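S.K.: fold the stuff below for me.
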Amino acid sequence: MERSKHIALTPPGSGAFELTCTGLLVSLGTKVETALTATLFLRGFTVRIPMIPGLLLTRRALR
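M.R.: Numbering: from 1, shown residues only. Here you go, the predicted model:
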C-alpha cells in the first residue's frame, strides 16, 4: 500500500481552521463575536469532548 506524500500548508494546531471558519461566517454577515463563539463550540464538541472517553479508557488500560 502506497502512502500519500502530501505536505500541509500550515502546521497542526496553528488555528487555521478556526480563522477560516470564523472569517467565512463573518463574510456571510455574522458578528465577529458570534462567529468566533460558534467556531469554538464546534471545535469543542467535535474534537475536544470526544477525547475525554478515550483518555479515560487509555488511563484504565495502562493501569
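
S.K.: ranges for the strands of this protein?
M.R.: Applying DSSP state E to the chain gives no strands.

S.K.: middle-most residue in it, spatially?
M.R.: Nearest residue to the geometric centre of the chain (C-alpha atoms, centre = their mean): residue 43, 4.4 Å.

S.K.: tally of neighbours for the spatially closest residue to that one that is not a sequence neighbour?
M.R.: Using C-beta to C-beta, 6 or more residues apart in numbering and skipping residues adjacent in sequence, the residue nearest residue 43 is residue 18, 6.5 Å away. C-beta coordinates here come from the backbone N, C-alpha and C atoms, glycine included. Using other C-beta atoms under 10 Å, residue 18 has 15 other residues around it.

S.K.: which residues does residue 18 contact?
M.R.: 36, 39-40, 43 (C-beta atoms under 8 Å, 6 or more residues apart in numbering).

S.K.: could I get the residues you listed as JSON lines with pLDDT?
M.R.: Listed next are the contacts of residue 18 as JSON lines, based on pLDDT from 0 to 100:
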{"residue": "36", "pLDDT": "95"}
{"residue": "39", "pLDDT": "94"}
{"residue": "40", "pLDDT": "92"}
{"residue": "43", "pLDDT": "89"}
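
S.K.: done for today, thanks.
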